[in-house]
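Q: predicted model and sequence follow; I will ask about them next.
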There are 2 protein chains.
Amino acid sequence: MDWDTVLSEVCIETPSKIVLFVMDGVGGLPVEGKTELESAQTPHLDKLAKSSVCGLTDPVFMGVTPGSGPAHLALFGYDPTRYLLGRGILEALGIGVSVGEKDLVARGNFATLQGEVVVDRRAGRIPTEENEKLCRKLNEAIHPIQGADISLFPGKEHRFVLKVSGDGLSDSLTDADPQKENKPRTYTTATAKEAEPTAAIINAFLDQATRVLSGTPKANTVLLRGFSKHPSLPTMRRRFKLKPAAIANYPMYKGLAKLVGMEVVPVGQEPEDLVKALEKNISAYDFFYVHYKKTDAAGEDGNFIEKTKAIEEADRIIPRILACHPDVLVVTSDHSTPSVMKGHSWHPNPFLLYARTAFPDSAARFTERECAHGFLGRFPAVYAMPLMLAHAEKMKKFGA
Amino acid sequence: MDWDTVLSEVCIETPSKIVLFVMDGVGGLPVEGKTELESAQTPHLDKLAKSSVCGLTDPVFMGVTPGSGPAHLALFGYDPTRYLLGRGILEALGIGVSVGEKDLVARGNFATLQGEVVVDRRAGRIPTEENEKLCRKLNEAIHPIQGADISLFPGKEHRFVLKVSGDGLSDSLTDADPQKENKPRTYTTATAKEAEPTAAIINAFLDQATRVLSGTPKANTVLLRGFSKHPSLPTMRRRFKLKPAAIANYPMYKGLAKLVGMEVVPVGQEPEDLVKALEKNISAYDFFYVHYKKTDAAGEDGNFIEKTKAIEEADRIIPRILACHPDVLVVTSDHSTPSVMKGHSWHPNPFLLYARTAFPDSAARFTERECAHGFLGRFPAVYAMPLMLAHAEKMKKFGA
């Protein structure tokens, strides 16, 4: 018996409320002896830490740097090595393309063809505006192929998302991308019998698109990779008996929340906006995923000071979150983004759980170092969900 | 998808260098309040610990005392409960028998037969010299059986290794050993259809050997157990994109290193020899397994003082290892060998990871107690490899 089965047996619906406050990429590395969290003035988080149980989480497993997809799935209680999200689906979520159960998506590139050879896989990184124009042109020119609707959604520069909607589509397809420059253009191939009709649709689209684009100087063909169907994840309602809401601003996080069956409450990106949405919706749901992006954005920019400020801004809304009287409040991150590394890293996330039922440890602040000595120790992030459910008394005894 | 698949997706080749310094059996238990590591003067390791991230590892899982095989496989990033090494193969590696993909090996005993009954399974523990003579005699007398070459390699006292080389051999065989004294001698039986020809070869060998030995007073028959084929482990190059070298002196460790595809750099057993070999080869490889045996040998002898000295000797080469500028240096052990226990134990290994990308914790020395409070916490040793790869920036992001 795996832990999915344990959870489905023990979860119960109760009126208690859980708030999961994700400060994206908040964990860091010391610069002149202090991390971003250690440098920030965080009186409210400090006070909270003193009456919470703390720890450090590994999103996937020790050493693995996760993308936002696997990192969030883990926090939502889905083993990220078991529930895999294709590259296509993540790209689609990232630019806000809604993906339904019948849809197939892929990451696309505009590229440059000379004869039958791909000479530039990125079409000289055309401006985003040109990309938008080309997507419009293709959407107008290309009609349904064998009953499947085809649409393109522009991303940045040469990138777009292709969405194919129809019955019986399969993602058992190889990339239609030579991967290297100066190789002939390639078609997709079905890697399973049932994907053959889908491969025919995709290949017909490739030919049509190349014909439509034939006059364009740089972007005169398209490449496709990372074909993914909608991943059918069990919903949080079915899995945990929760009625969950996402308070998130960016497409990627809204998309991930939808995949696990959360209702998305649209908001701005300021801490104020997040807490207002929480206050407004607190009675309507029993689980709130609140996503704060600024910490990660500053970390990605390598801006230590900006990340520190973003942490201080978030700290100011803690009293208002507490005033909503959640039975459980978790403050943590999906992954670390040390500003010295200018990107996601494998370092564990500080984790704080505040609840009437928690055993407070000696952590005096919400920092990497203080959390390292918390009673929760170092644990896989996928256990965040059972811990939240338990402290909200939403889990029955397992076995008699 | 399990973590093998995660690793194969994220590993990349880079010029960064990893040194894994294994002080065999270094972990111990306190005697009059201090362990061997705590009693030793280790100024260099102490200094290193202060700028490293530390923890404690369990080689297999909590409570399991591992042999050198499983303990090393874990450190090399191979789950020791999944990649199993037969007793025969470990015995063969231990005495330096090279085992190829077509070879079948087994542990052998010289034994005493009276009529058809085995009266002494160890032939009165005959001297090693007599064992060597008998192996030579059998190697001369026994010719290939059904196309398979047969050779015996003497071990200590009554023990030897049998190697059978040929096509289509199988290790699905029961032991040809009554296990207890005063039982009739037994033949091997195939436990799978395809092992039947191999069983016939082994049983023909047993009869021939017993005939050749019939005149000998004590050692007049042989017993065989732990039949093992060469375990085909994926190489470290394929699995982790590494170019690994083993700096090891003893046959067992050289053999284990070869099984995972390391190139073996032969050396002496003094710390000086190890570091010289590292200095000489540092530019030719990107992963170095450096094995130091003295700590384990002293522990096995129950010699606390000797083990302390062995630790101090190893400490003296730390500056020279650092002078090779590894991007990641790990100091740890395969298993603990407390001198009070005179053997391997299940106690966890102190683990220290030094890297520019590491988050230094408060460990002030490289000891069991200090490592217990390290940020890495207590973790399965199989994660040592992803941690080393991550800190050497040899792993890409998992998922988008």
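A: Right, received. Where do you want to start?

Q: residues from chain A in reach of chain B?
A: For chain A, the contact set with chain B under CB under 8 Å from any CB of the partner chain comprises A:29-30, A:56, A:60-71, A:80-82, A:84-85, A:87, A:90-91, A:94, A:341, A:343-348, A:368-369, A:372-373, A:377-378. The way it works is simple: take the backbone N, C-alpha and C, and place the C-beta from them, glycine included.

Q: again, only using 6 Å
A: Counting by CB under 6 Å from any CB of the partner chain, the residues of chain A close to chain B are A:29, A:60, A:62-67, A:69-70, A:81, A:87, A:90, A:344, A:346-347, A:372, A:377-378.

Q: from those, list just the buried residues.
A: Buried members of the residues of chain A next to chain B, scored by 16 or more other CB atoms under 10 Å in any protein chain shown, are A:29, A:60, A:62-67, A:69-70, A:81, A:87, A:90, A:344, A:346-347, A:372, A:378.

Q: is A:Asp207 in a helix, a strand, or coil?
A: helix (DSSP: H, G, I helix; E, B strand; the rest coil).

Q: and what of A:Gly77?
A: Per three-state DSSP, the local secondary structure of A:Gly77 is coil.

Q: what's the answer for A:Leu90, then?
A: Classification of A:Leu90 by three-state DSSP places it in helix.

Q: what sits against it?
A: A:Gly69, B:Ala400 (CB atoms under 6 Å, 6 or more residues apart in numbering or on different chains).

Q: so is A:Ala195 in a helix, a strand, or just coil?
A: helix.

Q: and the gap between it and chain B?
A: In this view, A:Ala195 and chain B are 20 Å apart by CB to the nearest CB, to the nearest Å.

Q: ok, now A:Ala355?
A: Distance from A:Ala355 to chain B, by CB to the nearest CB: 23 Å.

Q: run a quick neighbour tally on that residue.
A: Residues lying near A:Ala355 (other CB atoms under 10 Å in any protein chain shown) number 23.

Q: for A:Gly398, which non-adjacent residue is spatially closest?
A: For residue A:398 the amino acid is Phe, not Gly. A:Val10 (5.1 Å; CB to CB, 6 or more residues apart in numbering or on different chains).

Q: shouldn't the one you found be in contact with A:Lys396?
A: Yes - the criterion here is CB atoms under 6 Å, and A:Val10 meets it with A:Lys396 at 4.8 Å.

Q: the more surrounded of the two?
A: A:Val10 (18 against 9).

Q: re the thing from before, show me the buried ones among the residues of chain A next to chain B that map onto helices.
A: Among those, DSSP state H puts A:Gly69, A:Pro70, A:Arg87, A:Leu90, A:Ala372 in helices.

Q: for the stretch 251-400 of chain A, what spans make up the helices?
A: A:251-259, A:271-281, A:294-300, A:304-315, A:318-322, A:368-372, A:384-391 (DSSP state H, counting those that start in this stretch).

Q: mean pLDDT added to those, as TSV?
A: Putting those into TSV (pLDDT from 0 to 100) gives the following:
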stretch	mean pLDDT
helix A:251-259	91
helix A:271-281	96
helix A:294-300	96
helix A:304-315	98
helix A:318-322	98
helix A:368-372	97
helix A:384-391	98
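
Q: out of these, the one nearest B:Glu300 is which?
A: Taking CB to CB, helix A:368-372 is the member of the helices of the stretch 251-400 of chain A nearest to B:Glu300, at 34.8 Å.

Q: what residues does the helix or strand hosting A:Ala111 touch?
A: Per DSSP states H and E: A:Ala111 is located in strand A:103-114. Residues outside strand A:103-114 that contact it (CB under 6 Å, 6+ apart) are A:87-89, A:91-92, A:99, A:118-121, A:123, A:158, A:160-165, A:169, A:171, A:218-230.

Q: contact partners for A:Ile145?
A: Per CB under 6 Å, 6+ apart, neighbours of A:Ile145: A:Ile201, A:Ala204.

Q: separation between the residue of chain A positioned farthest from its centre and A:Gln179?
A: No residue in chain A sits farther from the centre than A:Gly115, which is 39.3 Å out by CA atoms, centre = their mean. Distance check for A:Gly115 against A:Gln179: by CB to CB, to the nearest Å, it reads 19 Å.

Q: check A:Pro127 too.
A: From A:Pro127 to A:Gln179 the distance is 24 Å (CB to CB).

Q: so where is chain A shaky, pLDDT-wise?
A: In the predicted model, chain A carries pLDDT under 70 at residues A:1.

Q: can I see the domain layout of it?
A: Taking automatic domain parsing as the reference, chain A has its domains at A:3-85+A:234-391, A:90-229.

Q: of the ones you listed, flag the one that's most buried.
A: Among the domains of chain A, domain A:3-85+A:234-391 has the highest mean neighbour count (mean count of other CB atoms under 10 Å in any protein chain shown), at a mean of 21.

Q: excluding its backbone neighbours, what's nearest the closest residue to chain B within chain A?
A: Shortest chain A-to-chain B distance, computed as CB to the nearest CB: residue-wise this is A:Gly63, at 3.0 Å. In space, and not counting its chain neighbours, A:Gly63 is closest to B:Pro386: 3.0 Å by CB to CB, 6+ apart.

Q: does that neighbour touch A:Asp58 like I think?
A: No - with contact defined as CB under 6 Å, B:Pro386 does not count as touching A:Asp58 (9.9 Å).

Q: now do stretch A:164-182: everything it contacts.
A: The contact list for stretch A:164-182, computed with CB under 6 Å, 6+ apart, reads A:102-104, A:117-118, A:121, A:147-150, A:186-189, A:191-192, A:194-195, A:198-199, A:206, A:223-225, A:227-229.

Q: distance of A:Gly108 from A:Pro178?
A: Per CB to CB, A:Gly108 is found 14 Å from A:Pro178.

Q: hmm, back to that, which of the ones in helices among the buried ones among the residues of chain A next to chain B sit farthest apart?
A: A:Arg87 and A:Ala372 (33.5 Å).

Q: all helices of the stretch 1-150 of chain A, in order?
A: Using DSSP H, counting those that start in this stretch, helices in the stretch 1-150 of chain A cover A:3-10, A:36-39, A:43-50, A:68-75, A:87-94, A:128-141.

Q: could I get those helices as TSV with distance to A:Tyr253?
A: Formatted as TSV, the helices of the stretch 1-150 of chain A follow (distance: least, CB to CB, whole Å):
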stretch	distance to A:Tyr253
helix A:3-10	23
helix A:36-39	21
helix A:43-50	21
helix A:68-75	7
helix A:87-94	8
helix A:128-141	22
